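Colleague: What follows is a predicted structure for the sequence shown.
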Amino acid sequence: MQFGIHLGPQNTSVAELRRLWSWLDAAGIDWISLWDHIYETPPADGTIEHHEAFSMLGALAADTKNARIGCLVFCSQYRNVGILTKGAVSVDHISGGRFEMGMGSGWHDQEAKAFGVHFPPIAERMRTLEHQLQVINEWRQGARVTHSGEGVELVNAAMNPGPLGKLPIWVGGTGRMKTLRMAGAYADGWNAAYVPPAEYAELNSVLDGWCEKAGRDPSEVERSINLMWALSNDDPKVVRKKMEDQWGTAAQRVIDGTLHGRPEDALEQVARFVDAGAQMLNVAIRPPWDQEILAEYVERIIPLMKSEFRD
């Protein structure tokens, strides 16, 4: 069982982010990832300061030495797939081969509209994502790629240099018919966000089926879960009310996928996701964060959990 931190590069300074992930890496965290947004999340019409993903990933790669690093997930609509993969390979070289490439169809239509990004209906975005996954896998094998498909036009395109590491591909999302099918066919890892343990177990089973249909052993696809971070010494009722106010109609779904309560309460909550098939659990930090609580979780609770869940 591995444990990670998924960071939103918003509502904080670059200096603070760099101090945070440098400390996390030194403290032995297994995974550090960022998200790919232009505006803040949850959406607030661009009123909160937010940094761009690739530039921050370069700093993350340079500032760390041990943790696996990645993006969960790049939006299929935001970049030409060649430019996207070239950037990922460059970050992989900066990191010494530790970078992992998360891919998804995106959801933040507010930021896409604001910046004039073509953001078609989900079915079209998913078709573009599948073409992207196909060509990224070809590049990972060292091939030149010629490909014509929705959102992807390539003519004898070389990815040179290639990645230093394997450049594992993660597919993020919970769609049973399309997302999980693509994870089973193309990905090295699958990530779901903010779902309760019972649903996560069901999704894991669906993914197993898609792996088998693609002729793959289900064990070839690593499983991870992102949970919202709400551990604190505050009254849990106050924390819940704050999340309800923040997330509105989506609040209950988010709360069901949240690590909440006191730090020592994490063990029981995480155990349910381990039983549901998670191999890595990431908590999503939206600044500002309580460094004292986070340090207790990273330095005391995670070692306890690793001991508890050791195979």
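Modeller: It's in. Worth saying up front: this structure is predicted, and the values here are computed from it rather than measured.
Colleague: When you work out contacts or count neighbours from here on, use the C-alpha atoms and nothing else.
Modeller: Fine.
Colleague: Identify the residue nearest the geometric centre of this structure.
Modeller: Ranked by distance to the mean C-alpha position of the chain (C-alpha atoms, centre = their mean), the top residue is residue 72 at 2.2 Å.
Colleague: pretty sure that one is touching residue 34, no?
Modeller: Yes. In this structure, residue 72 sits in contact with residue 34. The criterion is C-alpha atoms under 8 Å, and the distance is 6.3 Å.
Colleague: and for the two, which residues touch both?
Modeller: In the contact map built from C-alpha atoms under 8 Å, 6 or more residues apart in numbering, the residues linked to both residue 72 and residue 34 are residue 6.
Colleague: what sits against residue 88?
Modeller: Counted by C-alpha under 8 Å, 6+ apart, residue 88 has contacts 99, 101.
Colleague: can you check the one 4 residues further on too?
Modeller: Applying C-alpha under 8 Å, 6+ apart, one finds that residue 92 lies in contact with 61, 98, 99, 100, 163, 164, 165, 167.
Colleague: gap between it and residue 281?
Modeller: 22 Å (C-alpha to C-alpha, to the nearest Å).
Colleague: which stretches of the stretch 51-200 of the chain form strands?
Modeller: Under the criterion DSSP state E, counting those that start in this stretch, the stretch 51-200 of the chain carries strands at the ranges 68-75, 99-104, 145-149, 152-157, 169-172, 189-193.
Colleague: Switch these over to a markdown table; also include mean pLDDT and distance to residue 303.
Modeller: Rendered in a markdown table, the data for these read as follows (pLDDT from 0 to 100; distance: least, C-alpha to C-alpha, whole Å):
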| stretch | mean pLDDT | distance to residue 303 |
| --- | --- | --- |
| strand 68-75 | 97 | 18 |
| strand 99-104 | 98 | 24 |
| strand 145-149 | 97 | 44 |
| strand 152-157 | 98 | 44 |
| strand 169-172 | 98 | 26 |
| strand 189-193 | 97 | 23 |
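Colleague: Now tabulate those strands in CSV and tack on distance to residue 286.
Modeller: As requested, those are exported to CSV (distance: least, C-alpha to C-alpha, whole Å):
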stretch, distance to residue 286
strand 68-75, 14
strand 99-104, 19
strand 145-149, 36
strand 152-157, 33
strand 169-172, 19
strand 189-193, 14
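Colleague: closest to residue 305 out of the ones you listed?
Modeller: Taking C-alpha to C-alpha as the criterion, residue 305 comes closest to strand 68-75 out of the strands of the stretch 51-200 of the chain, the separation being 19.0 Å.
Colleague: got the CA positions of that closest one in CSV?
Modeller: Below are the C-alpha coordinates for strand 68-75, written out as CSV (Å, rounded to 0.1, in the frame of the first residue of the first chain):
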residue,chain,number,x,y,z
ARG,A,68,6.7,9.2,-7.9
ILE,A,69,5.3,12.3,-9.5
GLY,A,70,2.5,12.9,-11.9
CYS,A,71,-0.6,14.8,-13.1
LEU,A,72,-4.1,13.5,-12.2
VAL,A,73,-5.1,14.2,-14.9
PHE,A,74,-4.2,16.1,-18.0
CYS,A,75,-7.4,17.2,-19.8
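Colleague: Give me the sheet partners of it and which way each runs.
Modeller: Strand 68-75 sits in its sheet next to strand 31-34 (parallel), strand 99-104 (parallel), going by DSSP bridges.
Colleague: Output those as CSV; include the columns mean neighbour count and distance to residue 25.
Modeller: Formatted as CSV, those follow (neighbours: other C-alpha atoms under 10 Å; distance: least, C-alpha to C-alpha, whole Å):
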stretch, mean neighbour count, distance to residue 25
strand 31-34, 25, 8
strand 99-104, 26, 14
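Colleague: Dump these to JSON lines, plus distance to residue 81.
Modeller: Output for these, formatted as JSON lines (distance: least, C-alpha to C-alpha, whole Å):
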{"stretch": "strand 31-34", "distance to residue 81": "19"}
{"stretch": "strand 99-104", "distance to residue 81": "11"}
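Colleague: who does the longest strand along the chain pair up with?
Modeller: Across the chain, the longest stretch assigned as strand under DSSP state E is strand 222-231. Paired strands of strand 222-231, with direction, are strand 189-193 (parallel), strand 258-261 (parallel), strand 280-285 (parallel) (DSSP bridges).
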